[in-house]
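1. Take a look and give me a structure for this.
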Amino acid sequence: MNRLILASGSPRRKELLQKLQVPFDIFPSDADENLPEGIAPDKAVLLLAERKAKTVAESFPEDIVIGSDTVVALGDEILGKPLDSDDAKSTLKKLSGRTHSVFTGVSIIKDGEPQSFFEKTDVTFWALTDEEINRYIETGEPFDKAGSYGIQGYGSLFVKEIKGDYYSVVGLPVSRLYRELKSAGLSF
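-> Down below sits the predicted model:
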């Protein structure tokens, strides 16, 4: 059986992939994450997931490689990881009291051929006070996360409602990935 390889150093993706209860190795991708100007969020996550998977698959052509990427979007505006505290505050103010979308793209490369998909989940935030935003920024949690928040951590206190796959918001749509891997021939 081919090895399963996760092309990510994300501890959240590692934890989520462990839910499938199959052995896998981790080889983080160093793929270029720059996006073309004006790219739609769904196209962005597919492009980045495929780049990450392809970069790692070049070194492991006999194995099954999973690449993934997540973006937070308010309309067509992609809200990346914050540059600093002011950027995080600005992003969280934009999300306050509104519904945004989280897109997670996945690319599975087997025998050199990518199979890619994305999941979209809509997340609605409560209206946030400046005090709540400042206290959250002080936790340090926003700084390595798209959209400046983590739904699985303290950021969960901001979430009024989600429509879609919770695990996709965390970083990997486990249920869909399981089905896609089964159709690619992986035995569970």
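2. Go ahead and confirm residue 76 touches residue 42.
-> No - the pair residue 76 / residue 42 is not scored as a contact, 10.2 Å apart, by Cβ atoms under 8 Å. Every residue, glycine included, has its C-beta placed from N, CA and C.
3. Which residue, other than its chain neighbours, is closest to residue 173?
-> In space, and not counting its chain neighbours, residue 173 is closest to residue 119: 4.2 Å by Cβ to Cβ, 6 or more residues apart in numbering.
4. What helix or strand is the one you found located in?
-> strand 113-125 (DSSP states H and E).
5. how distant is that strand from the center of its chain?
-> 8 Å (Cα atoms, centre = their mean, to the nearest Å).
6. Can you name the residues in contact with it?
-> 42, 45-46, 49-50, 53-54, 95-109, 151, 158-166, 168-169, 173, 176, 180, 184 (Cβ atoms under 8 Å, 6 or more residues apart in numbering).
7. Stretch 32-41 now?
-> Taking Cβ under 8 Å, 6+ apart as the rule, stretch 32-41 contacts 44, 47, 48, 51, 69, 71, 73, 76, 78, 101, 103.
8. Now which of those residues would you call buried?
-> Buried residues within the contacts of stretch 32-41, counting neighbours by 16 or more other Cβ atoms under 10 Å: 44, 47, 48, 51, 69, 71, 73, 78, 101, 103.
9. now the fourth one: how far from residue 144?
-> From residue 51 over to residue 144 the distance is 19 Å, taken as Cβ to Cβ, to the nearest Å.
10. same check, this time on the third one
-> Between residue 48 and residue 144 the computed distance is 16 Å (Cβ to Cβ).
11. cool, the last one as well?
-> The spacing between residue 103 and residue 144, counted by Cβ to Cβ, is 18 Å.
12. Enumerate the positions of the lengthiest helix in the chain that are buried.
-> Secondary structure assigned by DSSP state H gives helix 41-57 as the longest helix of the chain. For helix 41-57, the neighbour count (16+ other Cβ under 10 Å) marks 41-42, 44-57 as buried.
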